[in-house]
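> The amino acid sequence is not available; the structure is as follows:
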């Protein structure tokens, strides 16, 4: 059974999972990933969650406020051996619920073209492709997506 818990950004479990995420992204994108690292600091996130299976941290996700009514989903990751366990769905749902509690009505995110499983997951979760936004404008490897969270 997967349990999702709200955490602080200095959580050792979150730090460990983000380290695994960074290693995965570096293996997929190589040197190009350095262009994106500047946008992924945990210091810039406003909320973080960690998913646990029998007290073992198996996945994480964060968000930061993008504007007054929008959050940007960041740092989503599930350990490869735990993919398919429903952890990603539970993490994303908790982040979205937390965002709505804070008055947000929309979520946006960026993933990469070399992350087809992420694109598929977000599509199944109700996200649709949008124009690249903010720092991702003009970045050919970026895929930006968005989803309404609540009625205006």
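Happy to help now that I have it. All of these numbers come straight from a predicted model, not from anything done at the bench.
> Now do the SS call for residue 49.
With DSSP: H, G, I helix; E, B strand; the rest coil as the basis, residue 49 sits in strand.
> which residues does it bridge with?
With DSSP bridges applied, the residues forming beta bridges to residue 49 are residue 6, residue 61.
> So it is in contact with residue 95, correct?
Yes - contact criterion CB atoms under 8 Å: residue 49 and residue 95 qualify, at 6.1 Å. C-betas here are computed from N, CA, C, even on glycine.
> Show me where this structure has its strands.
Counting by DSSP state E, residue ranges of the strands within the chain are 2-7, 47-53, 56-67, 70-78, 106-112, 128-130, 142-148.
> Could you tell me which residues touch both of residue 49 and residue 95?
Each of 61, 62 lies in contact with both residue 49 and residue 95 under the rule CB atoms under 8 Å, 6 or more residues apart in numbering.
> can you list the weak-confidence ranges in this protein?
28, 30, 33-42, 151-152 (pLDDT under 70).
> mind redoing it with 80?
25-43, 150-152 (pLDDT under 80).
> Buried residues, the longest helix anywhere in the chain. List them.
In the chain, taking DSSP state H as the definition, the longest helix is helix 12-29. For helix 12-29, the neighbour count (16 or more other CB atoms under 10 Å) marks 13, 14, 17, 18, 20, 21, 25, 29 as buried.
> residues in contact with the fifth one?
Contact criterion CB under 8 Å, 6+ apart gives 77, 79 as the residues in contact with residue 20.
> Over to residue 84: give its phi and psi.
Main-chain torsions, residue 84, degrees, to the nearest 10: phi 90, psi 0.
> From residue 2, how far out is it?
Applying CB to CB, to the nearest Å, the value for residue 84 to residue 2 is 11 Å.
> got it, and residue 131?
34 Å.
> For residue 77, which non-adjacent residue is closest in space?
residue 21 (3.8 Å; CB to CB, 6 or more residues apart in numbering).
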